[in-house]
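Student: my questions concern the predicted model and sequence given below.
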Amino acid sequence: MTQSDPSPQSTSFTPATELPFIPATELIAGFRSGAVSPVEATRAALEAIERYDGAVNAFVLVDAEGALAAAKESEVRWQRGEPLGPGDGVPTSIKDALWTKGWPTLRGSTMIDEAGPWDEDAPAVARLRETGAVILGKTTTPEYSWKGVTDSSKYGATGNPWDPSKTSGGSSGGSATSVGLGMGAWSLGTDGGGSVRIPAAFTGTVALKPTYGLIPLFPPSAFGTLSHAGPMTRTVRDAAALLDVVTGFDARDWSAMPTPGTSFLAGIDGGVAGLKIAYSSDLGFVDNQPEVEELVRAAVGVLAEAGAEVTEVDPGFADPVDAFNVLWWSGAAKVLSAYTVDDRVDPGLRRVAELGSSYTASDFLDATAERMELGLLMGRFHQQCDVLITPTVPITAFPIGQDVPDGWSSPDWTSWTPYTYPFNLTQQPALSVPCGFTSDGLPVGLQIVGARHADALTLRVGQAYQAATDWHSRTPTLEAR
């Protein structure tokens with residue numbers, strides 16, 4: 001189905017039962033015109049949490065009283081025509097891996113002392129507060145965000161909006177499920193090997209891993225410069241709007257980029273006519289589920305019909321999983337080295353941390369050298385094309401509470417995420433957008449990878465696809481529990 005993306009200026013708001021699914025950009029237009037209020041939007045999000053979270057377990061903390069108080073303050077500011085910023089009043093959640101002043105950040109772990117002190121916001125959280133966003137609470141993550149699904153002994157497993165018996169993906173699974181079910185228009189996640197894009201693909205939502213350093217991080221991740229923060233939303237336009245809010249230099253992050261001088265919404269509707277798009281169905285080494293491959297290929301056809309020059313070509317690199325695992329498992333070892341580890345700690349995390357502790361400095365440097373070579377290869381590749389398109393994940397969501405699908409050949413989550421972690425190694429922007437559903441009703445994601453610093457162009461391609469399709473407007477039907 002083809003559909004134009006509605007202009008925020010011409011929005012007509014839907015009944016209250018559908019209000020949780022109104023995109024943030026349209027909510028803001030409604031706040032400005034008075035067609036809807038931040039209090040109404042916040043109540044709708046809180047009602048969705050009350051209705052659905054028992055079935056999916058997306059939140060570890062909800063502050064309904066604080067959210068409604070913040071929404072009332074935002075309503076007054078909009079009535080005066082004095083919003084704090086472009087996100088004033090938008091219902092938002094935060095992955096429980098990012099510091100939040102006054103709330104514990106437990107990272108899905110039993111090892112962290114809940115007493116704190118919790119007296120500082122992560123940079124992106126601080127930017128959200130400065131713009132007046134209504135922070136609803138914190139979302140689930142596996143222990144220390146170490147894997148591609150979301151479950152922990154601390155909080156349990158997070159289900160998929162389209163089928164709660166299936167995983168949401170991870171590690172930002174709580175955030176993906178929350179936006180997928182209208183439990184807030186925006187969520188802020190983190191991505192060290194696919195952690196916003198994997199759950200976006202599994203839940204039929206949108207997520208961007210931006211160029212490294214564009215969203216500052218503090219405290220730094222134990223997984224080093226693989227880790228990014230990223231917006232998680234229902235539309236590409238909303239992802240751009242949230243990116244506008246949470247980017248900006250912060251001195252606490254030594255690798256933070258300068259504050260962008262242009263909005264990521266500027267030019268987002270520029271289309272793809274004349275752009276050179278490289279399409280790789282398998283990167284030369286991946287086996288896809290047939291329906292995944294079929295849907296992604298059809299999505300590429302949509303972009304070709306919109307005027308893009310599409311060439312089917314592989315970038316030309318071998319699977320860098322061994323190098324990634326050396327870096328990631330070493331980070332896991334560093335995480336656990338600070339604690340007394342007991343049986344409550346995720347057994348998979350304990351296993352890979354033990355592997356990580358066996359690596360030498362030479363192993364780490366060899367992996368880093370491979371990472372640098374991959375970055376060079378992709379830099380040259382993007383001199384010939386504007387973006388690369390792949391599936392986000394080669395499979396669809398599998399049963400909840402498992403690190404890998406039934407009968408899988410490997411216990412490692414990286415064995416089924418070959419399209420995501422390469423671009424953490426290279427630090428490129430990578431966007432996942434929904435591109436259809438399989439015959440059993442599960443979402444499939446399309447990944448759009450841009451050159452480093454080409455975040456705006458990456459979003460523009462995603463917006464062009466969403467302007468021509470309606471997958472992002474589909475909402476799950478879930479029984480309340």
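Tutor: Arrived safely, thanks for sending. This structure is a prediction, so every number in the text was calculated from the model and none was measured.
Student: now residue 202: closest residue in space that isn't a chain neighbour?
Tutor: Of all residues not flanking residue 202 in the chain, residue 169 sits nearest, at 3.7 Å (Cβ to Cβ, 6 or more residues apart in numbering). C-beta: built from backbone N, CA, C; applies to glycine.
Student: burial check on residue 434, number of neighbours?
Tutor: 28 (other Cβ atoms under 10 Å).
Student: wait, the residue nearest to residue 202 sits on residue 203?
Tutor: Yes. The criterion here is Cβ atoms under 8 Å, and residue 169 meets it with residue 203 at 6.9 Å.
Student: name the residues contacting each of these two.
Tutor: Here residue 169 and residue 203 have 160, 176, 397 as joint contacts, going by Cβ atoms under 8 Å, 6 or more residues apart in numbering.
Student: the second one: neighbour count?
Tutor: When you say that, I think you mean residue 176. Using other Cβ under 10 Å, the number of residues around residue 176 comes to 37.
Student: residue 422 is in contact with residue 194, correct?
Tutor: No. Using Cβ under 8 Å, residue 194 makes no contact with residue 422, being 9.6 Å away.
Student: these two: which has the busier surroundings?
Tutor: Between residue 194 and residue 422, counting by other Cβ under 10 Å, residue 194 is the more crowded of the two (33 against 26).
Student: which SS class is the more buried one?
Tutor: Residue 194 falls in the coil class when you classify it by DSSP: H, G, I helix; E, B strand; the rest coil.
Student: not counting sequence-adjacent ones, nearest residue to it?
Tutor: Residue 194 sits nearest to residue 420 (Cβ to Cβ, 6+ apart), 2.7 Å away.
Student: which of residue 169 and residue 203 has more neighbours?
Tutor: Legend: neighbour count by other Cβ under 10 Å for residue 169 and residue 203, higher for residue 203 (35 against 32).
Student: could you measure from the more buried one over to residue 243?
Tutor: Distance of residue 203 to residue 243, given as Cβ to Cβ, to the nearest Å: 19 Å.
Student: for residue 197, same thing?
Tutor: Per Cβ to Cβ, residue 197 is found 15 Å from residue 243.
Student: what's near enough to touch the residue nearest the centre of the chain?
Tutor: With distances taken as Cα atoms, centre = their mean, residue 196 lies nearest the centre of the chain, 2.6 Å away. Each residue near residue 196 by Cβ under 8 Å, 6+ apart is listed here: 172, 175, 176, 189, 190, 207, 208, 209, 230, 231, 232, 432.
Student: ok but residue 28 is inside a strand, no?
Tutor: No. Counting by three-state DSSP, residue 28 falls outside a strand, being helix.
Student: pull the number of nearby residues for it.
Tutor: Residue 28 has 25 nearby residues by other Cβ under 10 Å.
Student: helix or strand for residue 379, which one?
Tutor: Counting by DSSP states H and E, the element that carries residue 379 is helix 361-381.
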